[in-house]
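*Asks:* got a predicted structure here, sequence first:
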Amino acid sequence: MSDRAVRFFFDDPECLAAYLITNRFPETSIKRIWTVDYNSPSSLVDARSAIFIRRNTLLSPMGANIAAFGSNPEADSASPRSFLLAMT
């Protein structure tokens, strides 16, 4: 969320990082950065303190296979699981 209450949404951490790097926002203009917790997809973690890992076994929507976790122990114990939900 920006200082003007504008919200941006991204498919996965890779897209978020690319956007932040490309657009080079002043630190003061970014109020919050949240990302989905890989172990708890219905929960968000503060991206500034999250632990990000990349593993070929962590399947992400855009293919970078990057996942965010709330702590080091959670990241260390990450098991392969797809970010995508099955449609039935």
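*Replies:* Nice, thanks for sending it over.
*Asks:* CA atoms for contacts and neighbours, from now on please.
*Replies:* OK.
*Asks:* okay, now the unreliable bits of the protein?
*Replies:* Scanning the chain with the threshold set as pLDDT under 70 gives 1-4, 79-88.
*Asks:* who touches the longest helix belonging to it?
*Replies:* In the chain, taking DSSP state H as the definition, the longest helix is helix 13-23. Outside helix 13-23, the residues that touch it by CA atoms under 8 Å, 6 or more residues apart in numbering are 9-10, 35, 62, 64, 66-68.
*Asks:* now do the helices in this structure.
*Replies:* Under DSSP H, the chain gives helices at 13-23, 72-76.
*Asks:* next one: the first one to chain centre, how far?
*Replies:* The gap between the average C-alpha position of helix 13-23 and the chain average comes to 10 Å, counting by CA atoms, centre = their mean, to the nearest Å.
*Asks:* for stretch 60-80, same thing?
*Replies:* For stretch 60-80 - counting by CA atoms, centre = their mean - the centre lies 9 Å from the chain centre.
*Asks:* just the buried residues of it, please?
*Replies:* 60, 64-70, 75, 78 (16 or more other CA atoms under 10 Å).
*Asks:* now render the residues you listed as CSV, adding distance to residue 40.
*Replies:* Below are these laid out as CSV (distance: CA to CA, whole Å):
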residue, distance to residue 40
60, 14
64, 19
65, 16
66, 15
67, 11
68, 10
69, 9
70, 10
75, 12
78, 11
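*Asks:* what about the residues you listed, which are in strands?
*Replies:* 66-69 (DSSP state E).
*Asks:* identify the farthest-apart pair in the residues you listed.
*Replies:* 66 and 69 (10.2 Å; CA to CA).
*Asks:* could you tell me which residues touch both of those two?
*Replies:* residue 52.
*Asks:* check the spacing between residue 59 and residue 78 real quick.
*Replies:* 12 Å (CA to CA, to the nearest Å).
*Asks:* got it, and residue 56?
*Replies:* 12 Å.
*Asks:* swap in residue 53?
*Replies:* 9 Å.
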